[in-house]
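# Whatever this is, show me its structure:
(4 chains)
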Number of protein chains: 2
Amino acid sequence: MKLISPGQAAANTNDMSSEAGEELVRIGEMAKKYGVTLRTLRFYEDKGLLNPQRDGSTRLYTRRDRARLKLILLGRKVGFSLRDVKQMMDLYDPNGSNTKQLRLALDKSEKQLARLQKQRALIDDAISELSASMSTVRQMLIERSTPQASVAS
Amino acid sequence: MKLISPGQAAANTNDMSSEAGEELVRIGEMAKKYGVTLRTLRFYEDKGLLNPQRDGSTRLYTRRDRARLKLILLGRKVGFSLRDVKQMMDLYDPNGSNTKQLRLALDKSEKQLARLQKQRALIDDAISELSASMSTVRQMLIERSTPQASVAS
DNA sequence: TATAGAATTGACGTAAACGTAAATGAGCGG
DNA sequence: CCGCTCATTTACGTTTACGTCAATTCTATA
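Numbers count the residues shown, from 1 in each chain, chains lettered A, B, ... in the order given. This next block holds a predicted model:
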């Protein structure tokens, strides 16, 4: 039942390329390659974002899976939820023009961009307020002669 | 033992300002005044951030509680956790110089400021990447809509 | 073949800040 | 005295992205 016959398996941890052009990778390598944990990969699978083949119960990731993982990580980096990423990836059709997928991605991207800009504005705001109150606190520490000071809003 | 005598309490829902100088406020007014929900106020109390008086089971908020709530909301705005806010407020001593409180606040503020700046950098990064991939997607959409031949326009 | 090291599934935990539901009570107008 | 509304308490649910065991099987190598 195994794709790799016991006698053929020569290398120890790195059993690279039983057949030419396949490049099947197990979960440990996959994790190291992309800087995620095993748990994360299983989690993504559980959420329907990845679909590695199985050799028995062992997950084997193809380059398709690697491409998907790259997309997932990019999506996460720019702040998409896994749900969004899945929704966009589920629209992928290797035999079509993928216009719908691209449109959806663009639409979500525009909204996400807006969110990010809003967030940045909030953070800038917070930085200002925090800096201001820090100045106040510093002042209060300097003027320890006058006890009571009120907090302005 | 009630601060507001039963005879004084006239209006049903809106019992505004019965006596001068006291300004005891119930949870509903408090919530409206500061734009939070009833649940939030009870939650803060549960976490030890607020300690309103009780008239029976009814919460009555003094201006001290209002000052504390203002601080909480400011803290949240600049990104402190409720735990941090509590820790800082718990150090408040009306009869002391509060040097320790101020030092702690300043310390936490510096760290929070660093976090905020790091966050802003991440967001800027995300915005760049997102913008880039949006350009790519737009290009792909253009190429799909123009059948093969034409290139520049 | 024994055994160490991978990998598997499943269940439970975490953080933050509440939301929501259920059951109960208390006061007031009519 | 009935119902209405507001309030309270308690407990469980939500969201997101995993972390952390635990028990167990699988695999590879000496």
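
# CA atoms for contacts and neighbours, from now on please.
Will do.

# Does the closest residue to A:Arg68 other than its chain neighbours belong to a helix, a strand or coil?
Distances taken as C-alpha to C-alpha, 6 or more residues apart in numbering or on different chains place A:Leu50 nearest to A:Arg68, at 7.1 Å, with adjacent residues excluded. Following DSSP: H, G, I helix; E, B strand; the rest coil, we place A:Leu50 in the coil state.

# Now do the strands in chain A.
Secondary structure of chain A (DSSP state E): strands located at A:53-55, A:58-60.

# Is there contact, residue-wise, from the last one to DNA strand C?
Same thing as strand A:58-60. Yes: interface with DNA strand C: strand A:58-60 contributes A:58-59 (C-alpha under 7 Å from any atom of the strand).

# Show residues contacting that strand.
Here strand A:58-60 makes contact (C-alpha atoms under 8 Å, 6 or more residues apart in numbering or on different chains) with A:24-27, A:52-54.

# Can you select the buried ones from those residues in PyMOL?
Of these, the buried ones go into a single PyMOL selection, burial set by 16 or more other C-alpha atoms under 10 Å in any protein chain shown:
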select buried, chain A and resi 24+25+26+27+52
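
# Of the contacts of strand A:58-60, which is the nearest to B:Arg103?
Within the contacts of strand A:58-60, proximity to B:Arg103 (C-alpha to C-alpha) peaks at A:Ile27, which comes in at 48.2 Å.

# Quickly note the distance from the closest one to DNA strand D.
According to C-alpha to the nearest atom of the strand, to the nearest Å, A:Ile27 and DNA strand D sit 13 Å apart.

# One more: A:Leu113?
Applying C-alpha to the nearest atom of the strand, the value for A:Leu113 to DNA strand D is 16 Å.

# mean confidence for stretch A:54-66?
Stretch A:54-66 carries an average pLDDT of 88.

# First-to-last residue distance for it?
15 Å (C-alpha to C-alpha, to the nearest Å).
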